[in-house]
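> with the input below, show me the fold.
(2 chains)
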There are 2 protein chains.
Amino acid sequence: MNTDLDKHSVFFVSDRTGKTAESLGQSLLSQFDGIEFVYKTYSFVSTEIEAHFVASEINKDSIATGQQPIVFSTLVNDEVQQFISSTDACVISLFNAFIEPLEKSLQIESSHTIGKPHETYDDADYKKHMDAIDFTLKNDDGIRTNKFDKADVILLGVSRSAKTPTCLYLAMNFSIKAANYPLTDDDLKSDTLPGFLLPYADKIVGLTIQASQLNAIREQRRPNTMYASLKKCQEEIKHAGIIMNSHNIFTIDSTAISIEEIAVMIVKEKKLLKSH
Amino acid sequence: MNTDLDKHSVFFVSDRTGKTAESLGQSLLSQFDGIEFVYKTYSFVSTEIEAHFVASEINKDSIATGQQPIVFSTLVNDEVQQFISSTDACVISLFNAFIEPLEKSLQIESSHTIGKPHETYDDADYKKHMDAIDFTLKNDDGIRTNKFDKADVILLGVSRSAKTPTCLYLAMNFSIKAANYPLTDDDLKSDTLPGFLLPYADKIVGLTIQASQLNAIREQRRPNTMYASLKKCQEEIKHAGIIMNSHNIFTIDSTAISIEEIAVMIVKEKKLLKSH
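Here you go, the predicted model:
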């Protein structure tokens, strides 16, 4: 039995990865409370045969659920898009909707070519990107504190406060050299930063988190340990807060926001890119 | 002197990170050949005061360049969007354009609330995500080949063929445990896979790259070395190809495509997610 029949079907169709359609589509659908959606992504749909297949999947779903599916499409080619548009779905064609006003404003016709890469290979950019990833991998979890002078930013927080994924996101998406340092029990006994961090205080960003969530996360990693206990989580977060306050360190609460959002807040606060 | 004056200004405005607007906007603009664009992103624009500031920046740009700027906006709040819509720009409001057809299809009014996170905290998903990142960090660059049985996928290729960033992308975006193994000089002397990889042949994906590009990348890392020379690059790629062919390993040429695309091709080929 398909338990997804109660949910509203949403299809993302793209001649590229489908990430853009997913991102905008999910953001739009988050505005509709009380409906449960089930998502299917079809990426690299570039031929009429593939589009015909996806279209029949959409129509099948419409019959099976008795509901009009929602389709977000970023197909560039009109002939391919045609198959999707002809389905029984509510089809939102992200591309077609806007190409006309853009042609008008730019006073030039669009080329309607499929799947141009967003990024093109550029020596300097590529090197910066790879250097940032290398640096971040080698400076995770306070492994090499002697390289902190080379970091663009240093994330500080207790264990499992989202430092590592945030550092990786900064390196992968913004080519930022992001190091991180986990505050240890010894560090937390003091009210101030560990001495070796003092020279870098202005490139430190603190990460904090609600104790109940940290407790839940740590319980998953090491169940029924002192490390995971709510009491220990509360104490660590409290002392980390005292240290960060004493140096006026900009601190982000990672509890209810995504890694992507934490990363953009850091970029903005520390002015790590020209326009953000 | 501002050399950007010749270029066409593009603004991305969002009450979230702006990544969705950037992605769709750049994809749309890649259809217009011969125009050089210059991009500015304003993220977390959530109040009327902030929107008023961004609007005045857009109008200033219009006067300075004598060209109509293009604005991609994903603002949810109508009052905030109003400021952006009133500028002298070609304003593409990704959100407003589609909320109405969706309301019609779903037969429910949208809540028009700002910035609901796309991801919500879910214990099982979070654990899977963190485990994948941990695994990928600890199994980069063939460090621990004894953990390959736990990997969802193993990327194989010569040094600097994009294995590490692809693994990180897979872990960060799809919670996939991605290991990688760099073919060494010793490995490349043989026509077949190193023995310890044989049990995992069906979860290996090969990465290859054009010799001229590998040469350029390696020259940046270690200029004027044998390692970076075109001849060495050509030889390594040729022998890696022989090894991969002898085991019918699915291989992707990373030369002209983005990390994101390589990742999605791997997900599709190895059926690592339900719908891709």
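
> all strands for chain A, in order.
A:8-13, A:37-42, A:70-73, A:90-93, A:153-157, A:178-182, A:204-208, A:251-253 (DSSP state E).

> just the pLDDT for residue A:3.
Note on residue A:3: pLDDT of 58.

> correction: residue A:77
88.

> spatially nearest residue to residue A:82 (excluding sequence neighbours)?
In this structure, residue A:82 finds its nearest non-sequential neighbour in residue A:51, 7.7 Å apart by CB to CB, 6 or more residues apart in numbering or on different chains. (Each C-beta comes from the backbone N, C-alpha and C, glycine too.)

> list the buried ones in stretch A:236-253?
A:236, A:237, A:239, A:240, A:243, A:244, A:249, A:251, A:252 (16 or more other CB atoms under 10 Å in any protein chain shown).

> am I right that the fourth one is in contact with residue A:191?
No: with contact taken as CB atoms under 8 Å, residue A:240 and residue A:191 are classed as non-touching, separated by 10.9 Å.

> need the strands of chain A in CSV (columns: mean pLDDT).
Formatted as CSV, the strands of chain A follow (pLDDT from 0 to 100):
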stretch, mean pLDDT
strand A:8-13, 96
strand A:37-42, 93
strand A:70-73, 96
strand A:90-93, 94
strand A:153-157, 97
strand A:178-182, 95
strand A:204-208, 98
strand A:251-253, 97
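
> okay if I get those strands as TSV plus distance to residue A:59?
Shown next, in TSV, are those (distance: least, CB to CB, whole Å):
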stretch	distance to residue A:59
strand A:8-13	11
strand A:37-42	13
strand A:70-73	11
strand A:90-93	12
strand A:153-157	48
strand A:178-182	47
strand A:204-208	47
strand A:251-253	46
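
> out of those, which comes closest to residue A:260?
Closest of these to residue A:260 is strand A:251-253, at 12.5 Å (criterion: CB to CB).

> what about residue A:215, distance to chain B?
Applying CB to the nearest CB, to the nearest Å, the value for residue A:215 to chain B is 12 Å.

> same check, this time on residue A:160
Residue A:160 is 8 Å from chain B, by CB to the nearest CB.

> does the least confident helix or strand in chain A by mean pLDDT reach chain B?
Counting by mean pLDDT, DSSP states H and E, chain A has its least confident helix or strand at helix A:123-138, which shows a mean of 82. Yes: applying CB under 8 Å from any CB of the partner chain, one finds that helix A:123-138 is in contact with chain B at A:123, A:126, A:127, A:129, A:130, A:133, A:137.

> how big is the angle separating that helix from strand A:178-182?
Interaxial angle, helix A:123-138 versus strand A:178-182 (axes from the mean of the first three to the mean of the last three CA atoms, to 10 degrees): 10 degrees.

> remind me what helix A:123-138 packs against, helices and strands.
Where contact means 3 or more CB pairs under 8 Å, 6 or more residues apart in numbering or on different chains; DSSP states H and E, helix A:123-138 is packed against helix A:163-174, strand A:178-182, helix B:163-174, helix B:211-221.

> 6 Å instead?
Other elements packing on helix A:123-138 under the criterion 3 or more CB pairs under 6 Å, 6 or more residues apart in numbering or on different chains; DSSP states H and E are helix A:163-174.

> and the angle from the helix it packs on to strand A:204-208?
130 degrees.

> who does helix A:163-174 touch, helix- and strand-wise?
Helix A:163-174 packs on helix A:123-138, strand A:178-182, helix A:259-269, going by 3+ CB pairs under 6 Å, 6+ apart.

> 8 Å - rerun?
helix A:123-138, strand A:153-157, strand A:178-182, helix A:259-269, helix B:123-138, helix B:163-174.

> now the first one: buried residues?
Taking 16+ other CB under 10 Å as the basis for neighbour counts, the residues of helix A:123-138 that come out buried are A:126, A:129, A:130, A:131, A:132, A:133, A:135, A:136, A:137.

> one more: stretch A:52-67?
For stretch A:52-67, by 16+ other CB under 10 Å, it's A:52, A:54, A:55, A:57, A:58, A:61, A:62, A:65, A:67.

> separation between the first one and chain B?
Translated: residue A:52. Residue A:52 is 18 Å from chain B, by CB to the nearest CB.

> quick one, grab the pLDDT at the closest residue to that residue other than its chain neighbours.
Once flanking residues are discounted, residue A:52 sits nearest to residue A:83: 5.3 Å by CB to CB, 6+ apart. At residue A:83 the predicted local confidence, pLDDT, stands at 96.

> please verify my assumption that residue A:83 contacts residue A:51.
Yes: look at residue A:83 against residue A:51 with CB under 8 Å: they come within range, at 3.8 Å.

> is the residue nearest to residue A:82 in contact with residue A:78, as I believe?
No: the criterion here is CB under 8 Å, and residue A:51 misses it with residue A:78 at 11.1 Å.

> re earlier: identify, from the buried residues of stretch A:52-67, the entry nearest to residue B:142.
residue A:54 (38.4 Å).

> domains in chain A, by residue range?
If you go by automatic domain parsing, the domain ranges for chain A are A:3-106, A:123-269.

> now render those domains as TSV, adding distance to residue B:9.
Below are these laid out as TSV (distance: least, CB to CB, whole Å):
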stretch	distance to residue B:9
domain A:3-106	12
domain A:123-269	20
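
> ok, which of the ones you listed comes nearest residue B:20?
Here domain A:3-106 is closest among these (CB to CB), at 4.2 Å.

> quick revisit: looking at the buried residues of stretch A:236-253, which are in helices?
A:236, A:237, A:239, A:240, A:243, A:244 (DSSP state H).

> would you mark the buried spots in stretch A:14-34?
Using 16+ other CB under 10 Å as the test for burial, stretch A:14-34 gives A:14-32.

> near chain B, from those?
Among the buried residues of stretch A:14-34, the residues within reach of chain B (CB under 8 Å from any CB) are A:16-20, A:23-24, A:26-32.

> out of those residues, what pair is the most spread apart?
Among those, A:16 and A:32 lie farthest apart (CB to CB), at 26.0 Å.

> how many neighbours does residue A:41 have?
For residue A:41, the neighbour count with other CB atoms under 10 Å in any protein chain shown is 22.

> ok, what's across the strand from it?
residue A:12 (DSSP bridges).

> angle of the least confident helix or strand of chain A against helix B:259-269?
Going by the same axes, to 10 degrees, helix A:123-138 makes 60 degrees with helix B:259-269.

> helix A:123-138 vs helix B:211-221, what angle?
60 degrees.

> export helix A:123-138 as PDB, just CAs?
In PDB, the C-alpha atoms belonging to helix A:123-138 read as follows (Å, rounded to 0.1, in the frame of the first residue of the first chain):
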ATOM      1  CA  ASP A 123      42.200  29.500 -13.200                       C
ATOM      2  CA  ALA A 124      42.300  32.000 -10.300                       C
ATOM      3  CA  ASP A 125      38.800  31.100  -9.000                       C
ATOM      4  CA  TYR A 126      39.500  27.400  -9.200                       C
ATOM      5  CA  LYS A 127      42.700  27.700  -7.200                       C
ATOM      6  CA  LYS A 128      41.000  29.800  -4.600                       C
ATOM      7  CA  HIS A 129      38.100  27.300  -4.400                       C
ATOM      8  CA  MET A 130      40.400  24.200  -4.000                       C
ATOM      9  CA  ASP A 131      42.700  26.000  -1.600                       C
ATOM     10  CA  ALA A 132      39.700  26.900   0.600                       C
ATOM     11  CA  ILE A 133      38.500  23.300   0.600                       C
ATOM     12  CA  ASP A 134      42.000  22.000   1.300                       C
ATOM     13  CA  PHE A 135      42.500  24.500   4.200                       C
ATOM     14  CA  THR A 136      39.100  23.700   5.700                       C
ATOM     15  CA  LEU A 137      39.600  19.900   5.600                       C
ATOM     16  CA  LYS A 138      43.000  20.300   7.200                       C
END
